[in-house]
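>>> structure, please.
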Amino acid sequence: MATYPAQTTLDCGIVDDVVAFLSAIAAAKYARSYNWSNIRGIPFNGTASVSDLPKSPAMHLFASLVLSSLGAGAQAIPNSWRIPNITTSVADRVSLASAALGVAIDNLDATSAQYDGEAIGVTAALYAEMAEFDIATSQTKYEAALEKYFPLIETGQANFSNRADFGRAAARAYTAYKNPTFLDYAVQSWWFGQGYTISQADASAGTIATKDFPLSEVCQDITMAGGTFWVMDNSQPDIVMLGTGSFLILSALLAEATSNSMYLQAALESSDFVQAHLYNVQHIVQDSISARANDSCAVNSLSEPYDSGLMIHGLAILANITQNATTQNL
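Numbering: from 1, shown residues only. Okay, here's the model as predicted:
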């Protein structure tokens with residue numbers, strides 16, 4: 001949905017860890033089926049402390065994702081799927097997660113509410129986890145801070161056009177606090193993303209207003225409707241899973257939060273697109289497909305962990321909304 005210049009990103013391994021794990025962890029909040037044991041070497045055997053956490057802001061955030069999900073909500077996970085070895089009390093886990101978030105927040109630039117020199121997506125992930133923490137603990141600890149941070153981001157990029165993850169973070173903040181300001185932010189982000197998402201009318205007409213090339217109406221005889229472009233450059237033809245998956249998640253979260261059928265339909269179209277054009281026979285989500293008419297539906301078969309993570313996250317929310325057995329089985 002947005003151009004992400006390579007020179008502005010931080011170490012790719014850290015970004016991939018944060019994005020992929022954020023997607024998987026959020027899916028697990030619905031599916032309750034994630035194996036938390038010894039992820040990235042962080043012990044969950046009752047011995048973890050803040051001193052065990054990685055030192056960079058991004059990896060503090062990564063650790064907070066793990067630890068905050070071991071709060072009260074995690075008690076619903078049945079013991080049958082593994083031999084649990086978590087002896088730390090819920091109160092201690094909440095305290096540890098709060099401490100990890102505190103370190104991540106302290107590293108934000110006071111003026112921009114972002115991380116200097118790191119990918120903007122890491123900042124968006126932090127905002128989302130602040131809201132997730134308050135959802136898990138039934139608090140409003142971070143509401144005031146998020147009310148301050150979001151306008152600072154929007155000042156630099158109208159409608160949060162720099163990263164769809166801010167829309168997702170805003171949607172979770174709305175769920176946490178029922179503050180309509182956060183819903184407005186999420187909706188702004190959704191409408192921006194919708195402008196880069198191929199509708200059925202766009203596919204049939206072979207054109208979309210935000211791109212300057214003819215579109216393929218179908219690939220493998222299946223409509224291209226539901227695909228979202230990641231790069232805003234009007235000549236860039238690739239529909240990337242980062243764009244489509246992010247729009248899927250945002251649409252599903254808004255459908256869940258508002259019961260508006262428009263968002264549900266958008267989420268279903270995104271999901272259908274991924275399954276038709278990016279999900280391969282090995283059950284792995286591929287990176288991208290060209291939507292340009294003369295590119296013969298060329299697929300980039302590169303597979304990144306975050307691609308499948310985004311699909312899992314989006315489908316988990318959809319399954320929770322629709323209770324559709326086919327979606328659950330995916």
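>>> tell me the SS of the residue lying closest to residue 219 once chain neighbours are set aside?
Leaving aside its sequence neighbours, residue 219 sits nearest to residue 297 (CB to CB, 6 or more residues apart in numbering; 3.7 Å). Placement of C-beta: from N, CA and C, glycine included. Three-state assignment for residue 297 (DSSP: H, G, I helix; E, B strand; the rest coil): coil.
>>> and residue 297, what are its phi and psi?
Residue 297 has phi and psi values of phi 60, psi 40 when expressed as degrees, to the nearest 10.
>>> any idea how far it lies from residue 277?
Residue 297 sits at a distance of 8 Å from residue 277 (criterion: CB to CB, to the nearest Å).
>>> now for the nearest residue to residue 284 once chain neighbours are set aside: which residues touch it?
Distances taken as CB to CB, 6+ apart place residue 303 nearest to residue 284, at 4.9 Å, with adjacent residues excluded. By CB atoms under 8 Å, 6 or more residues apart in numbering, residue 303 lies in contact with 284, 285, 286, 287.
>>> please read off the pLDDT at the residue nearest to residue 219 from the model.
Among the per-residue scores, residue 297 shows a pLDDT of 97.
>>> and the closest residue to residue 285 other than its chain neighbours, what's its pLDDT?
The shortest distance from residue 285 to any residue other than its chain neighbours is 4.1 Å, reached at residue 307 (CB to CB, 6+ apart). Looking at residue 307, its pLDDT is 94.
>>> what do you get for residue 128?
For residue 128, pLDDT reads 95.
>>> how about residue 162?
pLDDT, read off for residue 162, is 60.
>>> re earlier: surely the residue nearest to residue 285 meets residue 241?
Yes - in this structure residue 307 lies within contact range of residue 241 using CB atoms under 8 Å: 4.1 Å.
>>> neighbour-wise, which of the two wins?
Per other CB atoms under 10 Å, whichever of residue 307 and residue 241 has more neighbours is residue 241, with 31 against 26.
>>> as a quick check, tell me the outermost residue of the chain.
Taking CA atoms, centre = their mean, the residue of the chain most remote from its mean C-alpha position is residue 294, at 31.3 Å.
>>> what's near enough to touch that one?
residue 214.
>>> re earlier: which residues do residue 307 and residue 241 both contact?
278, 285, 286, 287.
>>> highest neighbour count among the residues you listed?
Busiest of those [other CB under 10 Å] is residue 278, holding 26 neighbours.
>>> residue 126 versus the residue nearest to residue 284, what's the distance?
When residue 303 is compared with residue 126 (using CB to CB), they lie 27 Å apart.
>>> ok, now residue 95?
18 Å.
>>> in the chain, which spans are strands?
Under the criterion DSSP state E, strands of the chain are mapped to 218-219, 222-223, 238-240, 288-290, 299-300.
>>> ok, back up a step: make JSON lines from the contacts of residue 303 and add distance to residue 311 to it.
Conversion of these to JSON lines gives the following (distance: CB to CB, whole Å):
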{"residue": "284", "distance to residue 311": "10"}
{"residue": "285", "distance to residue 311": "5"}
{"residue": "286", "distance to residue 311": "11"}
{"residue": "287", "distance to residue 311": "12"}
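>>> and these, which is closest to residue 139?
residue 285 (34.5 Å; CB to CB).
>>> what about the closest residue to residue 292 other than its chain neighbours, how many neighbours?
Closest residue to residue 292 in three dimensions, ignoring its sequence neighbours and counting by CB to CB, 6+ apart: residue 237, at 3.7 Å. Neighbourhood size, residue 237 [other CB under 10 Å]: 23.
>>> next: residue 238.
19.
>>> okay, and the beta partners of the spatially closest residue to it that is not a sequence neighbour?
The shortest distance from residue 238 to any non-neighbouring residue, by CB to CB, 6+ apart, is to residue 288 (4.4 Å). Beta-bridge partners recorded for residue 288 (DSSP bridges): residue 240, residue 300.
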